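Novice: Below is the sequence, then the predicted model.
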Amino acid sequence: MENGGKVALLFLSLAGLAVGGWALVKIARAAPPAEEEPPEGEEAVITATLRSGYVYWAALADWQRVYTRYPNEWPLDEDVTFVWTIENTGNVGAYFQVYISAPGRWLYLAPGVEVQVFEEVHTPAVPLTPGYSYYNINILAKRLDGERLGAVWTSEEIEATYS
């Protein structure tokens, strides 16, 4: 890939899953170019988009889609694993974080590169409101020089009902 954004394939163990399986994950190499310029005559655009989100917990036979417009049903007091697929839709490379609960590590993405990010969360034993909670999925960005840009993509409120 251009500008040092080579993609490596890694097998990551999904700890705590009853399946005990392995997932094939693409991650962008963390060695960005020293300086990156936008195409000639254009301003630098740093943005990203969520392509998909899935959730898994021990009682599931397979991954379940995370809906951003419809209610999701998740278990109470359970370890769950989310996988988010994001893409750098800007015209220069930048660092990105994606999360529903707590920010993880920053990942460098060249323009047009997608990455899958795993996030492990423990669902509440008792929701703040009886039977449901609301969440947002956030994608944060920062420039190569470290300047934080804040949220470049945020979902609408996601409703999660608990059973």
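Specialist: Cool, got the structure.
Novice: quick one: Val126 from Ile139, how far?
Specialist: Look at Val126 and Ile139: by CB to CB, to the nearest Å, they are 29 Å apart. Every residue, glycine included, has its C-beta placed from N, CA and C.
Novice: the more surrounded of those two?
Specialist: Ile139 (22 against 9; other CB atoms under 10 Å).
Novice: what does the helix or strand that one falls within rub up against?
Specialist: Using DSSP states H and E, Ile139 sits in strand 138-142. For strand 138-142, contacts defined as CB atoms under 8 Å, 6 or more residues apart in numbering pick out 46-50, 86, 94-100, 103, 106, 148-155.
Novice: ok, of those, which come out buried?
Specialist: Applying 16 or more other CB atoms under 10 Å to the contacts of strand 138-142, the neighbour count classes 46-48, 50, 86, 94-100, 152-153, 155 as buried.
Novice: of all these, which comes closest to Tyr56?
Specialist: Nearest to Tyr56 among the buried ones among the contacts of strand 138-142 is Ile100, at 13.7 Å by CB to CB.
Novice: does that closest one really touch Glu119, like I thought?
Specialist: Yes: the criterion here is CB atoms under 8 Å, and Ile100 meets it with Glu119 at 6.5 Å.
Novice: Overlap in contacts, those two.
Specialist: In contact with both Ile100 and Glu119: 82, 84, using CB under 8 Å, 6+ apart.
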